[in-house]
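Engineer: Give me the fold of what follows.
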Amino acid sequence: MLQFTPLQTTDKDYSFVENLLHESFPEAERRDDVAQRDNVDNCAAFTCYLISDDELLVGLITVWKFAGFSYVEHLATSPSVRNKGYGRKIMEVLQQQFPGVIILEVEKPVDEWSRRRIGFYQRCGFSLCEKEYVQPSYRKGGETLPIFLMYAGTETIDKEFESIRDEIYRKVYGVESV
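Structural biologist: Modelled structure (predicted):
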């Protein structure tokens, strides 16, 4: 049975999560290890989960819990379990454990891979918000990235878009605007 287990950096499986984060996301799409570990151990709004299926280590998901919505920052499955149906199962567990509005970021549909990713999330009940959104840089002097938000648990986020964006900017990226 698929489980999301909250982790601290002292947990034995944290190295699996940290290594998978490095393998799955380029440096520009994640914060440095010191800041990430600080969030894992000290930020009440942030939780890093190990995803497992009995003894099998499946992946990781990091979730920020805000007033009115949950924000999925990173989600990755281990290369050894990809294309085995875990993605859909993870999205089902996510929506069960975080009822209400769930927000995540996706690359704009500019190539086959990004279109497939958006299609996957849509098949899992998420909708694409095509309002202009820019992912702030995780690192000082880094690049911003124009992307889209996707959402589940509500018909639309059009009226709340600016407040959702501003909350993510302030709390996740530590900026007021880009």
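
Engineer: Can you get me a residue count around the closest residue to residue 123 other than its chain neighbours?
Structural biologist: Distance criterion C-beta to C-beta, 6 or more residues apart in numbering; nearest residue to residue 123, sequence neighbours excluded, is residue 88 at 7.7 Å. For glycine as for every other residue, the C-beta is placed from the backbone atoms N, C-alpha and C. Residue 88: 11 surrounding residues under other C-beta atoms under 10 Å.

Engineer: what's the answer for the one 3 residues further on, then?
Structural biologist: Counted with other C-beta under 10 Å, the burial measure for residue 91 works out to 22 neighbours.

Engineer: in what helix or strand does it lie?
Structural biologist: Using DSSP states H and E, residue 91 maps to helix 86-97.

Engineer: Can you tell me what sits against that helix?
Structural biologist: For helix 86-97, contacts defined as C-beta atoms under 8 Å, 6 or more residues apart in numbering pick out 2-4, 51, 53, 58-59, 61, 63, 72, 75, 77, 102, 120-121, 123-126, 152-153.

Engineer: filter these to the buried ones?
Structural biologist: Among those, those classed as buried by 16 or more other C-beta atoms under 10 Å are 4, 51, 58-59, 61, 63, 72, 75, 77, 102, 121, 124, 126, 152-153.

Engineer: Take the residues you listed and keep only those in helices.
Structural biologist: Among the buried ones among the contacts of helix 86-97, the ones falling in helices (DSSP state H) are residue 121.

Engineer: Which of the buried ones among the contacts of helix 86-97 sits closest to residue 29?
Structural biologist: Of all the buried ones among the contacts of helix 86-97, residue 75 has the smallest distance to residue 29: 12.0 Å, by C-beta to C-beta.

Engineer: for the closest one, what are its contacts?
Structural biologist: 59, 60, 61, 62, 90, 104.

Engineer: Now stretch 44-55: buried residues?
Structural biologist: Under the neighbour-count criterion of 16+ other C-beta under 10 Å, stretch 44-55 has 46, 47, 48, 49, 50, 51, 52 buried.

Engineer: send the alpha carbons of it over as CSV?
Structural biologist: The C-alpha trace of stretch 44-55 is given here as CSV (Å, rounded to 0.1, in the frame of the first residue of the first chain):
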residue,chain,number,x,y,z
ALA,A,44,6.1,24.2,10.0
ALA,A,45,4.3,24.8,6.6
PHE,A,46,6.6,22.5,4.7
THR,A,47,6.7,18.7,4.8
CYS,A,48,9.0,16.4,2.9
TYR,A,49,7.5,13.0,2.4
LEU,A,50,9.1,9.7,1.5
ILE,A,51,6.7,7.8,-0.8
SER,A,52,6.9,4.0,-0.3
ASP,A,53,5.0,0.9,-1.2
ASP,A,54,5.6,-1.5,1.7
GLU,A,55,9.4,-1.7,1.8
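
Engineer: All set now, cheers.
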